[in-house]
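J.: following is a predicted model, sequence given first.
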Amino acid sequence: MLGLMSLHGLYSLTFLWLWSATEGSYSLAILRTIAAGQGRPAALVETFARLGADKRKARLCSLQRLKLIRRTGGVYTLTASGYMAAKGIRILRRIANCHEASG
Amino acid sequence: MTGVLSLLSAVAGAIIGHSILARLLHSRIAAFLWAAGVCGVLFVFLLHAGDTAFADFIGWILAYAFAMELYLFIFTLSAASIGSNLLAMLDGKPATQADIDARYDERQMVVLRIDRLLAAGLIADIQGSLVLTPAAMAALARLDDAADFFAHGSRV
């Protein structure tokens, strides 16, 4: 029973991982653009900087929708659940020795 | 009970090992693979020494594999996702849209990604223009097949 549940978990996580990688990966989008023959670094930086800004706006909206952050008077703050999530992220980053925000 | 204790010990060992190796090795993923691999082997020895029935033996190994994949998924998500970066940024100090825009230099983020792709050997700089390496072409073909499977229509 434990094995079957674990197998299901492994399958689901792998599926989720592949799905998200093929759907929205930033690095993958850069590779596809280079494959299309647009490999000039300056043009890539310009294109993807715009895309990154759009993505960040979309993530801010998602975090608000998930009630992890709230916007009051133009200022973003964490909600109680957002605070818990942020603490969890800090602990994981400390374990994995990730100091810098990387994307 | 021996299985539960062995599993918890192996998972804890892998996480502690990852924490130590991540400070010693250049790659955090390599650190994870070493820690999870070594603890996995030790876990198998523990189960074997505990005289576990074959079906349970397979079940515990799958449980360990799932725990490790879940940990890898969560830690890569917390390290690299835009959402987790925003949450970490807002932890303890509220920010306006201007603060967030100032903190994230989008151009720098793209340069960082390109540098990582170069370092990973997926792209090469040929006379000022970036091209895919054969490894990247093969990986992209496989991912495109996966994208077709998931019916993701739009590709950049």
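T.: Cool, got the structure.
J.: list the buried residues of the helix or strand B:Gln108 falls within.
T.: Taking DSSP states H and E as the definition, one finds B:Gln108 inside helix B:106-119. Along helix B:106-119, the positions that meet the burial threshold by neighbour count (16 or more other CB atoms under 10 Å in any protein chain shown) are B:Glu106, B:Met109, B:Val110, B:Val111, B:Arg113, B:Ile114, B:Leu117. Backbone N, C-alpha and C define where each C-beta goes, glycine included.
J.: again with stretch B:45-60
T.: Of the residues in stretch B:45-60, those with enough neighbours to count as buried (16+ other CB under 10 Å) are B:Leu46, B:Leu47, B:Thr52, B:Phe57, B:Ile58, B:Gly59, B:Trp60.
J.: those: which ones sit near chain A?
T.: With CB under 8 Å from any CB of the partner chain as the criterion, the subset of these in contact with chain A comprises B:Ile58, B:Gly59, B:Trp60.
J.: and residue 73, how many neighbours does it have?
T.: Going with chain A. Using other CB atoms under 10 Å in any protein chain shown, the number of residues around A:Gly73 comes to 5.
J.: please go with chain B instead
T.: Using other CB under 10 Å, the number of residues around B:Phe73 comes to 15.
J.: hey, which helix or strand in chain A has the poorest pLDDT?
T.: When the helices and strands of chain A are scored by mean pLDDT, DSSP states H and E, helix A:2-24 comes last with a mean of 78.
J.: which outside residues touch that helix?
T.: When contacts are defined by CB atoms under 8 Å, 6 or more residues apart in numbering or on different chains, helix A:2-24 is touched by residues A:28, B:55-56, B:58-63, B:65-66, B:69-70, B:73, B:143-144, B:146-147, B:150, B:152.
J.: redo that, cut-off 6 Å
T.: For helix A:2-24, the external contacting residues (CB atoms under 6 Å, 6 or more residues apart in numbering or on different chains) are B:58-59, B:62-63, B:65-66, B:69, B:73, B:143, B:146-147, B:150, B:152.
J.: is it possible to export these to JSON lines including pLDDT and secondary structure?
T.: Shown next, in JSON lines, are the contacts of helix A:2-24 (pLDDT from 0 to 100; DSSP: H, G, I helix; E, B strand; the rest coil):
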{"residue": "B:Ile58", "pLDDT": "90", "secondary structure": "helix"}
{"residue": "B:Gly59", "pLDDT": "89", "secondary structure": "helix"}
{"residue": "B:Leu62", "pLDDT": "92", "secondary structure": "helix"}
{"residue": "B:Ala63", "pLDDT": "92", "secondary structure": "helix"}
{"residue": "B:Ala65", "pLDDT": "93", "secondary structure": "helix"}
{"residue": "B:Phe66", "pLDDT": "92", "secondary structure": "helix"}
{"residue": "B:Glu69", "pLDDT": "92", "secondary structure": "helix"}
{"residue": "B:Phe73", "pLDDT": "88", "secondary structure": "helix"}
{"residue": "B:Leu143", "pLDDT": "79", "secondary structure": "helix"}
{"residue": "B:Ala146", "pLDDT": "75", "secondary structure": "helix"}
{"residue": "B:Ala147", "pLDDT": "72", "secondary structure": "helix"}
{"residue": "B:Phe150", "pLDDT": "68", "secondary structure": "coil"}
{"residue": "B:His152", "pLDDT": "58", "secondary structure": "coil"}
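J.: out of these, who has the most neighbours?
T.: Neighbours were tallied for each of the contacts of helix A:2-24 (criterion: other CB under 10 Å), and the maximum of 23 neighbours falls on B:Ala63.
J.: for that one, which residues are in contact?
T.: B:Ala63 makes contact with A:Leu2, A:Ser6, B:Leu7, according to CB under 6 Å, 6+ apart.
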